[in-house]
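**Student:** one predicted model, sequence on top.
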Amino acid sequence: MGLAYKKVNIKCGIECHKQIEGKKLFCNCPTIIRDDNPSFNVTRYIRTSAGESGRYDVAALYEAKKGKHFVYQGYNDTTCLVELDEKPPQEINHHALEIALQVCLLLNCKINKVVQVMRKIVIDGSNTSGFQRTMLIGKDGYINVNNKKIGIQGVCLEEEASQIIERTEEYDVYNLSRLGIPLIEIATSPDINSPEECKIVAEKIGMILNSIEGIKRGLGSIRQDINISVNDNPRIEIKGFQELKSIPKVIENEIERQLKLLKKKQKIKSEVRKANPDGMTEFLRPMPGSARMYPETDINLIELKDTLIKSIKLPELIAEKVEKLVETHKISSDYAREIIERKIGFEKFLKYKLDPQFIAKVLVETPKEIKSRFNVSEHITDEDFREIFSLVESKKITKEAVPDVLSEKLIEGKIDLNKFKPVKESDIEKEIKEIIKKNKGASLNALMGIVMEKFRGKIDGKKVAELIKKLQ
């Protein structure tokens, strides 16, 4: 879009939400999100109530006017009366609390000595009680991104909402298996000044969260909301980001939308909008305010003693592990990151006298290539990799043959080495002479392609390049 972001005074902040594994926040039900047939259905109507200030929240009133009823799907073995709001919450999940404290410390936050659980009014049906339990654990933190300090306004620990199954004008259907999963919420200050910087900040926060043992991974376990304003106008909150790569495009389009409104002398109203797959946004509901918060009366104040905070052990960050792996073994940072994030046992294969970069490439790229080329998705075991590395080390197969050899092992259950026996250098040299003669003026890459296609998997690419240079 080419906007001069400084001229229009872009202010942007991120709210990042990440689920925690184990047990739910206020009961002992597991954090398993189910999609099979439920054991029972419960139908409810939800009404709004006044917040601590005695006023009704505008966003809650907006939802109440829809007059919908809600159907909740539950399971006899993985959901309980707490999710149905038929029983008071149990004592807070201490494992989740300790993870929240790790997050606060990694984000340089000041930790509250006493935590008050609050009720946040939510009557879109996603919470059976009509509110979400949330608590502020730490505040006034920061992270450094490209030599710039990005403030962290707060870190909250709260309940995840139910999962939407179906929406109609008359009713919504929710699945209770997600309700109550511990959720970390991180809110940055509006210190971000461009769409690309917003993506980088989100990546940094995601990396920190993924470094902590016990935090959920995978699609659906993380959500980002973006708050954005231009020229000191009211902020707009955008929900619905799943993929980081979509953040810059959506922000650029939203900035352009707001600037067009200002050019037409129209006021920008503070509201919540939804990010659509095409990168545009649409109105979702009015912006909620402080009127929706009031204290939780079923849970005592939580004291965070200094002894507890000092006992919290911090993990080594993924970025630090990646840097160490790159520096120690001279492999690419992309491979190192995948090895760390996917917990691939890279170092146990270094006993083979092979280039560490090659070992990393096989562990990271070969399973993807096999799935793409041969549609083979069977699990590749450590023993499979050991056999392959041993064959390459003993020169019984070439490095180029690895995907074909490994796929044969997975499909046939054994390897016919006669198919992949390396070609003698003298035979290769003779063939290269003929190929050069028939393709006069062809580039090195073109000749390489012809030779490698003819002797697929039976010759070493590096050796072929050397011979072509010598014979050209």
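**Tutor:** Okay, I see it. Numbering: from 1, shown residues only.
**Student:** tell me where the stretch 151-300 of the chain has strands.
**Tutor:** With strands called from DSSP state E, counting those that start in this stretch, the stretch 151-300 of the chain shows them at 163-167, 171-175, 182-188, 222-229, 236-241, 271-275, 281-286, 293-295.
**Student:** just name the most buried of these.
**Tutor:** Neighbour counts (mean count of other Cβ atoms under 10 Å) averaged over each of those peak at strand 182-188, with a mean of 24. Using the backbone N, CA and C atoms, a C-beta is placed for each residue, glycine as well.
**Student:** tell me the strands beside that strand, with direction?
**Tutor:** The partner list of strand 182-188 in its sheet, established with DSSP bridges, is strand 11-19 (antiparallel), strand 148-159 (antiparallel).
**Student:** re the thing from before, out of the strands of the stretch 151-300 of the chain, the one nearest residue 344 is which?
**Tutor:** In terms of Cβ to Cβ, the element of the strands of the stretch 151-300 of the chain nearest to residue 344 is strand 222-229, at 21.3 Å.
**Student:** pairing partners for the closest one, with directions?
**Tutor:** Here strand 222-229 has these sheet partners by DSSP bridges: strand 11-19 (antiparallel), strand 236-241 (antiparallel).
**Student:** so the shortest one versus strand 281-286, what angle?
**Tutor:** Right, the one you point to is strand 236-241. Counting by axes from the mean of the first three to the mean of the last three Cα atoms, to 10 degrees, strand 236-241 lies at 110 degrees to strand 281-286.
**Student:** chain center to strand 236-241: distance?
**Tutor:** Strand 236-241 has its C-alpha centroid displaced from the chain centroid by 16 Å (Cα atoms, centre = their mean, to the nearest Å).
**Student:** same deal with stretch 311-323?
**Tutor:** For stretch 311-323, the distance between its averaged C-alpha position and the chain's averaged C-alpha position is 18 Å (Cα atoms, centre = their mean).
**Student:** same deal with stretch 39-55?
**Tutor:** Between the mean C-alpha point of stretch 39-55 and the mean C-alpha point of its chain there is a distance of 31 Å (Cα atoms, centre = their mean).
**Student:** give me the contacts around that stretch.
**Tutor:** Outside of stretch 39-55, the residues within contact range by Cβ atoms under 8 Å, 6 or more residues apart in numbering are 56-57, 60-61, 63-64, 69-77, 84, 121, 123, 125, 128, 130, 290-295.
**Student:** and these, which are buried?
**Tutor:** 56-57, 60, 63-64, 70-75, 84, 121, 123, 125, 128, 130, 291-294 (16 or more other Cβ atoms under 10 Å).
**Student:** list the contacts for the nearest residue in space to residue 15 that is not next to it in sequence?
**Tutor:** Residue nearest to residue 15 in three dimensions, not counting chain neighbours: residue 225, with 4.2 Å by Cβ to Cβ, 6 or more residues apart in numbering. For residue 225, the contacting residues are 14-15, 17, 237-239, 241, by Cβ under 8 Å, 6+ apart.
**Student:** list just the nearest of those residues to residue 329.
**Tutor:** Checking the contacts of residue 225 one by one against residue 329 (Cβ to Cβ), the nearest turns out to be residue 14, at 33.6 Å.
**Student:** mind putting the strands of the stretch 151-300 of the chain into TSV with distance to residue 301 and mean pLDDT?
**Tutor:** Converted to TSV, the strands of the stretch 151-300 of the chain look like this (distance: least, Cβ to Cβ, whole Å; pLDDT from 0 to 100):
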stretch	distance to residue 301	mean pLDDT
strand 163-167	31	95
strand 171-175	31	96
strand 182-188	19	97
strand 222-229	28	92
strand 236-241	30	90
strand 271-275	31	94
strand 281-286	32	90
strand 293-295	10	89
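**Student:** among these, which comes closest to residue 384?
**Tutor:** Distances from residue 384 to each of those were compared using Cβ to Cβ; the shortest belongs to strand 222-229, at 31.7 Å.
**Student:** ok and the closest one relative to strand 271-275, angle-wise?
**Tutor:** An angle of 130 degrees separates the directions of strand 222-229 and strand 271-275 when computed by the same axes, to 10 degrees.
**Student:** sorry, back to before: the strands paired with strand 182-188 into JSON lines, with extra columns for mean pLDDT and distance to residue 285?
**Tutor:** Shown next, in JSON lines, are the strands paired with strand 182-188 (pLDDT from 0 to 100; distance: least, Cβ to Cβ, whole Å):
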{"stretch": "strand 11-19", "mean pLDDT": "95", "distance to residue 285": "16"}
{"stretch": "strand 148-159", "mean pLDDT": "98", "distance to residue 285": "19"}
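**Student:** mind putting those into TSV with distance to residue 462 and mean neighbour count?
**Tutor:** Written out in TSV, the entries for these read as follows (distance: least, Cβ to Cβ, whole Å; neighbours: other Cβ atoms under 10 Å):
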stretch	distance to residue 462	mean neighbour count
strand 11-19	44	22
strand 148-159	43	21
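**Student:** for residue 189, see how far away residue 167 is.
**Tutor:** Distance of residue 167 to residue 189, given as Cβ to Cβ, to the nearest Å: 34 Å.
**Student:** what are the pairing partners of the longest strand seen in the chain, and which direction each?
**Tutor:** Secondary structure of the chain read by DSSP state E shows that its longest strand is strand 131-145. Sheet pairing of strand 131-145 (DSSP bridges) gives strand 110-111 (antiparallel), strand 118-121 (antiparallel), strand 148-159 (antiparallel).
**Student:** which of those strands sits closest to residue 344?
**Tutor:** That would be strand 148-159 among the strands paired with strand 131-145, by Cβ to Cβ, at 30.3 Å.
**Student:** distance from the closest one to the middle of the chain?
**Tutor:** Centre to centre, stretch against its chain (Cα atoms, centre = their mean), the figure for strand 148-159 is 17 Å.
**Student:** ok, stretch 209-217 next?
**Tutor:** Distance, stretch centre to chain centre, for stretch 209-217: 10 Å (Cα atoms, centre = their mean).
**Student:** could you do stretch 195-215 as well?
**Tutor:** 8 Å.
**Student:** picking up where we left off before, quick one, which of the strands paired with strand 182-188 is nearest to residue 278?
**Tutor:** Of all the strands paired with strand 182-188, it is strand 11-19 that lies closest to residue 278, at 20.6 Å by Cβ to Cβ.
**Student:** check what contacts the closest one and list those residues.
**Tutor:** With Cβ under 8 Å, 6+ apart as the test, strand 11-19 has contacts from 31, 153, 160, 181-194, 197-198, 201-202, 205-206, 209, 215-216, 221-230, 232, 235, 237, 251.
**Student:** if we go to 6 Å?
**Tutor:** Counting by Cβ atoms under 6 Å, 6 or more residues apart in numbering, the neighbours of strand 11-19 from elsewhere in the structure are 181, 183-188, 190, 192, 198, 201-202, 205, 209, 215-216, 221-225, 227-229.
**Student:** and what of stretch 330-344?
**Tutor:** Stretch 330-344 has contacts (Cβ under 6 Å, 6+ apart) with 318, 321-322, 325-326, 346, 356-357, 360, 363-364.
**Student:** please name the residues that touch residue 371.
**Tutor:** Residue 371 makes contacts with residue 377, as judged by Cβ under 6 Å, 6+ apart.
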